[in-house]
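[1] With the input below, show me the fold.
(chains A and B)
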Amino acid sequence: MDTARRFYVTTPIYYVNDEPHIGHTYTTIVADALARYHRLIGDEVYFLTGTDEHGQKMQRAAEQRRISPQQLADQVVENYQRLWPALGISYDDFIRTTEARHRRGVYALFEKIRRETPDALYKGTYRGLYCTGCEAFFAPGQVTDGVCPEQGHPVEEVEEESWFFRLSAFGDRLLELYDTRPEFVLPVTRRNEVRGFVAEGLKDLSISRSRSQVSWGLPFPGDEQHVVYVWFDALTNYISALGYGQDGAAPLYARYWGEAAGQLHLIGKDILRFHAVYWPAFLMAAREPVPTSVFAHGWWLRDEAKMSKTRGNVVKPWPLLEDFGADALRWFLLREISLGLDGSYSDEALIERTNADLSNNIGNLFSRVLALVARHEAGTVPAAEPLVDEELGEAIEQARDRYRSGFDRHDPGSALRALTEWADAVNRYLVRKEPWRREGREQSCARVLRTACEQLAQLALRLHPAMPQGASRLWSSLGLGEDPAAEARPGQDLLDARRWPVAGSSVRAGERVFPRLDKKKLLGEAAATGSDEPTAGGAAETETEETGMIDIDTFQQIDLRTAKVVACEPHPDATKLLRLEVDLGTEKRQLVAGIATAYTPEQLVGRTIVVVANLKPAKLRGLLSEGMLLAASGPDGRPLLLSVDGDLPPGSKVS
RNA sequence: GGCGGUGUAGCUCAGUGGUAGAGCACGCGGCUCAUAACCGCGUUGUCCCCGGUUCGAAUCCGGGCACCGCUACCA
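    Modelled structure (predicted):
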C-alpha cells in the first residue's frame, strides 16, 4: 500500500553558455536540501534540474569555434554536470532542451493547446525590439532600460510575422488562481507583485522567432520559417522531463504532475513572471494542471553591491568549493538568509558563520561527547536508560517543531537555526550533568552520555539535508553507518522517532568533522590573489553616501551636449509627452520629453537645447527616447528649457 | 506617479499584542570533557518618526521619512 506523499521539486534550467555562479548554486542547493528533507520524512521525491541549450548566443559561440551548436552544448553542459556532484546535489533527472524527449514534450504541449483552446495560438505581426549592433531581436523581458543585454546597444522597434499566444484572454483566470491558491506564488510579497502586474492587463505573447534571426531552436510546429520562443521551450522542461508527450503512457507525469503530488518550482526573483504568469497560462490553455507553488528567492549581493559581470564581482562556486568545501558553502548559503530575502555574500561572513555554527557549536559538541564515550565507556555507547531533564526536553521539542516548520515553509534558514539551538541545549545539558565527574556516579554518567549520543544522532540526521557529506561523517563517527539517509523509506517519517537506537554502537572519537577555518590565512590569500573586491570603489561610494557630494570624475561621466531641435510633434499615445528629433552634430536622435504642458511643438523647432547624450535609452509610452533634455522646474512644476547664450553648432560639449 | 516590501544592539540579522533576542565583537567570572572550545553574568537599543486602537504595541491601524523591488504619460 502506497501512502507516501509525493514531492516534485525543480530548479530552473540554466543557460549552458553562462558559467555557473553563486545564484545558480544557491537555487540548486536549496532545491537539494528540500529534496533531501522530503526524502527523510518519507515523501516520494523527484528532483529535476537541467540546462537550456537553444538560442542565438549558443549559435554564435559555436560559429566562432567552428563547431555545431550541439557539439558546443555537449561540451559546456559539463560546467553544470561536474559542479553539481561536487556540491552533493542529489537530482533525480537532468534535462537538456536539446534532448529528443524534451522536443516531444514541447510539441505535445503545442498539440494539446491547439486541440483544447484552438484560438489561443494565432499568426500576427510582432513588433519586437531589434538591436542593429547585434543583429538580433530581444524579448521585452531581456531588455533593460532600452538597451540590449548583449552589448548595451540601443534597440529599436521593428515588425515581423510571428506566432502569438493569446495571453490577454487568461488574465481573469490567472487572478482567480492567485486569489484561490495563495501558495501558488511565494513569498506573499512576490504574489502581490505578480497579481498587480496581471491586474493591469496582459498583452498577447509572441511565441516564435524568425528562423532567419534565430536558427538554433525548435522549429515551430507547422511553420518551418519560425522557431519556438525560448520561454515556451524552456518552461516546458518541467513536464517534458516527466515524459509528457512520449509514446504511450507517461508514468512519471501521472505520478508527479497534478493532484497526485505537490510541485515546487524554485526560481530566482528575476524570472518570476515567466513562471507565475506565462507558464500557468500555457498549461491552462492546454487544460493541464498548474503546479502547486512557484517560490522566488532573493539575490545574493556581494558585499552589499549587486553582482554583475560589468562590476566584475560575480562570485563563482568553484573557488569557494576549493577554499571552504561543500559543507561550509552549503551551510552558509542555506543558513545565512531567510525566506525570499536578499543576502550578502562575503568570505568573511562565510568563515564566521561556519566557525560559529559548525566548528564551535555542532562539531565541538560531537567532539566532547565522543571523547567521553571513548575514554570512560570503552568507545561504546552505553545501554543505560536515557535521562532527559525538563530543560533539555523542552528545548528539544521546540527545536523539532522549528526545524520541521522551517522546511515545510521552504525556509531552510529557519530550519537550520533550530539545529544550532538544539546543539546549544545539549551543550548546556552537559554542563548541568557534568558527565566528566565520574567518582561514585558512573551509572548516572552513563545515562547522560547515552542521552547525549541520542541527541547527536538526531542532529546528524537533521543535518543531512543541509550537508550530506558532513552529516555522513557525523553519522559514521557515531558508529551508525555510512549515511543517515540510508534509512529513508517512502511512507516512513524518520524525523518522527523520539529515540534512536544508538546503544552499543562503537564510536570514533578524535576526529574534527568541521575544522575551524583560519580567517586570517584565508582572507589574506583571497586579498593576495586579488579575488576579493577592490576596496577603492567601496571607499568612494561611502564618501558619497556621507557627504552627498560627487567628485569631478563622476560628473565627467555625464556627456552633456547641445542639440538643435529639427522636428517635434505630440506623442501619439500621451498627453504630457512630446516627441523630438534633435541634431547632435554627428547624428540625429529621437527624444521623448514630458514638457507638453509647457511648450507646443512649434515653439521648440529650431531651438538649441542641452541634452544628456549618454543616458541609457528608455521607452516612454511606446516610443524610444535616446537621451534626455535638461529643464528646470518652475514653482508651478512646469518645466523651463535650458538654452545656450549665443550660437553654437549642435553637438558642442557642455561642462 | 502607482503598488509592494524593508527599517530591531557597533556589525549581520531573528522575533512578535504582555518584563527587548541570537551570532560576531567587548568586559568579568566559571569549567577544563571538548575544535583558542563550552557555560554563566554583564555593557551597548527612544525595536525609523508622529498619531490612534488597547488594561498593555516594537508587534495591530493611520500618516510621514529612508532604502529596496515591480511598474509607469519622470527626464
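[2] Could you list every helix and strand that the strand or helix carrying A:Val582 packs against?
    Here A:Val582 sits within strand A:578-583, counting by DSSP states H and E. Helices and strands touching strand A:578-583, as assessed by 3 or more C-beta pairs under 8 Å, 6 or more residues apart in numbering; DSSP states H and E, comprise strand A:560-570, strand A:588-593, helix A:601-604. C-beta here means a position set from N, CA and C on the backbone, and glycine is covered the same way.
[3] Identify, out of those, the most deeply packed stretch.
    Greatest average neighbour count among the helices and strands packed on strand A:578-583 goes to strand A:588-593 (a mean of 20), per mean count of other C-beta atoms under 10 Å.
[4] Contacts for it next, please.
    Around strand A:588-593, the neighbours that count as contacts under C-beta atoms under 8 Å, 6 or more residues apart in numbering are A:563, A:566, A:571, A:577-582, A:611, A:613, A:620-621, A:623-629, A:631.
[5] Please apply the same query to stretch A:316-325.
    So stretch A:316-325 is contacted by A:19-22, A:24-25, A:83, A:86-87, A:329, A:332, A:347, A:350-351, A:354, A:517, A:522, A:525-526, A:531 (C-beta under 8 Å, 6+ apart).
[6] of the residues you listed, list those near RNA strand B.
    For RNA strand B, no contacts are drawn from the contacts of stretch A:316-325 by C-beta under 7 Å from any atom of the strand.
[7] Kindly format the C-alpha coordinates of stretch A:275-289 as CSV.
    Presented in CSV, the C-alpha positions along stretch A:275-289 are these (Å, rounded to 0.1, in the frame of the first residue of the first chain):
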residue,chain,number,x,y,z
HIS,A,275,6.9,31.1,-14.1
ALA,A,276,3.9,32.8,-12.4
VAL,A,277,2.1,34.2,-15.4
TYR,A,278,3.2,32.6,-18.7
TRP,A,279,3.6,29.1,-17.5
PRO,A,280,0.3,28.7,-15.8
ALA,A,281,-1.4,30.3,-18.8
PHE,A,282,0.2,27.8,-21.2
LEU,A,283,-0.9,25.0,-19.0
MET,A,284,-4.5,26.4,-18.7
ALA,A,285,-4.7,26.7,-22.5
ALA,A,286,-3.7,23.0,-22.7
ARG,A,287,-6.0,22.0,-19.9
GLU,A,288,-3.2,20.6,-17.9
PRO,A,289,-2.9,21.1,-14.2
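[8] Any part of it near RNA strand B?
    No - figure legend: stretch A:275-289 not in contact with RNA strand B (C-beta under 7 Å from any atom of the strand); closest approach 10.8 Å.
[9] Quick check, the residue in chain A closest to RNA strand B?
    A:Gly594 (1.2 Å; C-beta to the nearest atom of the strand).
[10] and the spatially most central residue of chain A, what does it touch?
    Closest residue to the average C-alpha location of chain A: A:Gly268 at 2.7 Å, with C-alpha atoms, centre = their mean. Applying C-beta under 8 Å, 6+ apart to A:Gly268 gives the contacts A:Pro12, A:Gly23, A:Thr27, A:Ala296, A:His297, A:Trp299.
[11] May I see those arranged in TSV, with pLDDT as well?
    Output for the contacts of A:Gly268, formatted as TSV (pLDDT from 0 to 100):
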residue	pLDDT
A:Pro12	92
A:Gly23	82
A:Thr27	90
A:Ala296	84
A:His297	81
A:Trp299	72
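[12] Save those residues as CSV, and put in secondary structure and distance to A:His464 too.
    Converted to CSV, those look like this (DSSP: H, G, I helix; E, B strand; the rest coil; distance: C-beta to C-beta, whole Å):
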residue, secondary structure, distance to A:His464
A:Pro12, strand, 25
A:Gly23, helix, 24
A:Thr27, helix, 20
A:Ala296, strand, 26
A:His297, strand, 21
A:Trp299, coil, 27
